[in-house]
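> Make a model of this:
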Amino acid sequence: MQQDQPQGAATIEANALVVTLLDVASARRKRFVGALTGVSLALYFGLLISVLYLPELMSSQAIGSVSFGILVVVAQLVVAGTTFWVYCWWANRFDHIAKHLADAAQGSLMHGHV
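Residues are numbered from 1 along each chain as shown. Below you'll find the predicted structure:
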């Protein structure tokens, strides 16, 4: 059984739009993930380097009996946790866009538009 698959200009245009939107979404994701990774790594390793090159400061008291070294460890934990939650929040938005585009592409396929 062979189905008729109309190859009209509107169908080709709709498919091209879906591909373009996927490319835009992918580019946005790469930019966001790259920037987030760069900032997170710079903060994380910046704190680590400060521990290595400023041992006197790390052993001195910052707040009460809490040393700067302990604050740096807490800051690294905050950086890692914040990076995780920010990425999850953004990925949820991105996945929503990707789901919408996938649904549009699936609808196009189901109606015989390729």
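> low pLDDT regions in this protein?
1-12, 14, 95, 97-114 (pLDDT under 70).
> try it again with 80
Confidence mapping of the chain against pLDDT under 80 gives the ranges 1-19, 21-23, 25-26, 88, 90-114.
> Run a quick neighbour tally on residue 17.
Neighbourhood size, residue 17 [other CB atoms under 10 Å]: 13. No exception for glycine: its C-beta is placed from N, CA and C like everyone else's.
> What are the boundaries of the strands in the chain?
61-63, 66-67 (DSSP state E).
> most packed of those strands?
strand 66-67 (a mean of 14; mean count of other CB atoms under 10 Å).
> Can you list the strands that that one pairs with?
Next to strand 66-67 in the sheet, as set by DSSP bridges, lie strand 61-63 (antiparallel).
> need the longest helix for this structure.
Longest helix in the chain, counting residues (DSSP state H): helix 9-53.
> Show me what it is packed up against.
helix 55-59, helix 68-110 (3 or more CB pairs under 8 Å, 6 or more residues apart in numbering; DSSP states H and E).
> Return the set of buried residues in the first one.
Within helix 55-59, the residues scored as buried using 16 or more other CB atoms under 10 Å are residue 58.
> Give me the helices and strands touching that helix, please.
helix 9-53, helix 68-110.
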